[in-house]
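Q: Give the three-dimensional model of this entry:
(one chain, ligands or ions: 1)
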Amino acid sequence: MKDYSEITPIESPVPADRQGAKRHYGVHPYFTRRPYNVVRDYILNYSSEHDRVLDPFGGSGVTAIEAFLENRIGMHNDINPLANFIATGIVDLHKGGLAEYEEALTYIEGECRYTLSRIQEYTDDQLENLKDSVNLPENIVLPRNADVKQYRDLFSLKQLLSLTILKQAIDSISNDPIRNGMLLAWSATLAKLNKTFLSAEGRAESRGGSSIFSIYRYKVAKQPIELPAWDTFHERVTNVIKAKVEIEQAIQLKRQTGGWFGGFESYSKDVEDLSSAFPNSIDYIFTDPPYGGHISYLDLSTLWNSWLGLSPSSATREKELIVGGELQLSENTYVERLGRSVHACVKMLKKDRWLSIVFQHWNPSYFEAILSSAAESGAELRAAVSQVGDPIWSMHKKKNNSVLAGEMILTFQNTGVIKRIKRNGHFDVLQAVKRILDETPNDHVFGEYLFNKIIIEAWNKSAIHSLDMPKEDFMDLLKRSGWHYDPDKHYWAKDKPQLELLMTSA
Ligand SMILES: C[S@@+](CC[C@H](N)C(=O)[O-])C[C@H]1O[C@@H](n2cnc3c(N)ncnc32)[C@H](O)[C@@H]1O
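A: Numbers count the residues shown, from 1 in each chain. Sure, this is the predicted structure:
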């Protein structure tokens, strides 16, 4: 067994594996998915086999599934039913035989393919007649910022009918793991067969994605496209089967090299409630909490939760850790809950065990909530690594102004030494920026790397509050230090000396 106090923290960024970026997680889209190889390296460094590894904000399940494949007990938790549906759906692909999946596909094809192709040719009257003979999803009201008012407005009638018919056939499969595998493929099809699907420019029509995952709202395409329903579903099932094979191979490889005994548990609690169920019982936590207000997970997951019959209760919705959303949750509540969630995480950890939190935001008070709460709960900050300059890791952040492009992984150890936080320190931001820029070996630097460094320096001086300045002032500070922003490369570059400029333009 590891001596947890002897663990050397990871101090440098782990490059995301581009080749394997999708892995089995590619079977279904979700928000802000983390590269599995980065998560796995953290799990391997900070925990041992048989350990309980938890992600309390688990999303699509990367942490718990990697732990499961690495002979740990992967504990997945998320307040969002869609997240749990995806995570459990992926992990359960190791159940059942390949032939059963193929048979199920043949069965669904027999039940639906002909009707789906006929639907494409139907007149409006014929479509209306068919509509009366099937059970369409409930026509609930969508979040206020959606382009359309009600659920069914998100689909053309052809899409709505095709998806309904496919789901009916899947629901009639009696073998649980096989039905769930097919339902996972159906749910991934739902992401493509609706009017929020935006085709990628200059590529095949079917390439692209839903605005739900890129713009983070229900934006309807100006010219929605009608992808062929059967082919789209068939492609999703093929992905699911590939993922199954991949997971089985990973397990098989473990079996051949020392044995495989991974476990997986899924919970759907608010993180604070989870901590009462697991005090002092977790060996490692790797997690990625929501970063303020840019993604309202529950609102955006309505497309899936509603049709899958998984809609969360209003009490659950109240507990979502975000700013805004349909419930207009306040920033103060967010900051308070963020701090309490970190406290809950430390409470769940055994003594000397480790906690890694992925985070990024321009607002220093969010960082302060995490850092103060950890210190006051008895966890010591042992590493702060910027995963910057990595498009896979950070792509989703580029669109929102208030969120920086790269994240920091803050790693703490539960030493049990409770610290009282002082907030009266002095920190000269300009001087620190100049020094960090001078020490930079390159002629460019990522803004988030700089900001992350500054945050930690200010924190160590009990002076995070001195960073409470508008983003524009911070940018101005960089410009005054002789640097300019390169919008194409998303980094700050050193200004060229006047003489060099003259020579390049000559
Ligand atoms: C940034 S995402 C995690 C993504 C994940 N790292 C992945 O690789 O898929 C944050 C997650 O926190 C969940 N969440 C929000 N409020 C929560 C709460 N109070 N308790 C538990 N989970 C919550 C959201 O539903 C969302 O899935």
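Q: For the closest residue to residue 55 other than its chain neighbours, grab the count of nearby residues.
A: Distances taken as Cβ to Cβ, 6 or more residues apart in numbering put residue 63 closest to residue 55, at 3.5 Å, once the chain neighbours are dropped. C-beta coordinates here come from the backbone N, C-alpha and C atoms, glycine included. A total of 33 residues lie near residue 63 under the criterion other Cβ atoms under 10 Å.
Q: what helices or strands is the helix or strand containing residue 273 leaning on?
A: Per DSSP states H and E: residue 273 is located in helix 271-277. Helix 271-277 is packed against helix 331-348, with contacts defined by 3 or more Cβ pairs under 8 Å, 6 or more residues apart in numbering; DSSP states H and E.
Q: Quick check: buried residues in the helix it packs on?
A: Going by neighbour count (16 or more other Cβ atoms under 10 Å), the buried part of helix 331-348 is 334-335, 337-348.
Q: Beyond it, next helix or strand please.
A: Assigned by DSSP H and E, the successor of helix 331-348 is strand 349-359.
Q: from what I can see residue 32 touches residue 294, true?
A: No. Residue 32 lies out of contact with residue 294 (Cβ atoms under 8 Å); the separation is 9.7 Å.
Q: Helix, strand, or coil at whichever residue of the stretch 1-150 of the chain sits closest to the ligand?
A: Relative to the ligand, the nearest point of the stretch 1-150 of the chain is residue 59 (2.5 Å; Cβ to the nearest ligand atom). Assigned state for residue 59: coil (three-state reduction, DSSP: H, G, I helix; E, B strand; the rest coil).
Q: buried ones in the strand or helix carrying residue 189?
A: Following DSSP H and E, one finds residue 189 within helix 176-190. Applying a neighbour-count criterion of 16+ other Cβ under 10 Å, one finds 177-190 buried in helix 176-190.
Q: what's the distance between it and the middle of its chain?
A: Chain-centre distance of helix 176-190: 20 Å, with Cα atoms, centre = their mean, to the nearest Å.
Q: And residue 198, its phi and psi?
A: phi -110, psi 120 (degrees, to the nearest 10).
Q: what sits against it?
A: Applying Cβ atoms under 8 Å, 6 or more residues apart in numbering to residue 198 gives the contacts 208, 209, 210, 211, 214, 219, 221.
Q: What residues are bridge-paired with it?
A: residue 209 (DSSP bridges).
Q: could the buried residues of helix 331-348 be laid out in TSV, adding pLDDT and distance to residue 466?
A: Output for these, formatted as TSV (pLDDT from 0 to 100; distance: Cβ to Cβ, whole Å):
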residue	pLDDT	distance to residue 466
334	96	22
335	96	18
337	97	25
338	97	21
339	98	20
340	98	25
341	98	25
342	98	22
343	98	25
344	98	29
345	98	27
346	98	26
347	98	31
348	98	33
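Q: is it true that residue 29 lies in a helix?
A: No. Using three-state DSSP, the secondary structure at residue 29 is coil, not a helix.
Q: Surely it is in contact with residue 209?
A: Yes. Residue 29 lies in contact with residue 209 (Cβ under 8 Å); the separation is 6.5 Å.
Q: can you pull out the helices in the stretch 201-350 of the chain?
A: 211-214, 229-256, 271-277, 297-300, 302-307, 314-318, 331-348 (DSSP state H, counting those that start in this stretch).
Q: Let's test this: mean pLDDT of stretch 57-71, rounded?
A: Average pLDDT, stretch 57-71: 97.
Q: Just name the shakiest helix or strand of this structure by mean pLDDT.
A: The helix or strand of the chain with the lowest confidence, counting by mean pLDDT, DSSP states H and E, is helix 391-394 at a mean of 47.
Q: re the thing from before, of residue 29 and residue 209, which one has the most company?
A: residue 29 (18 against 15).
Q: how near is that one to residue 133?
A: 31 Å (Cβ to Cβ, to the nearest Å).
Q: Quickly check: the helix holding residue 273 near the ligand or not.
A: Yes. Under the criterion of Cβ under 6 Å from any ligand atom, helix 271-277 makes contact with the ligand via residue 271.
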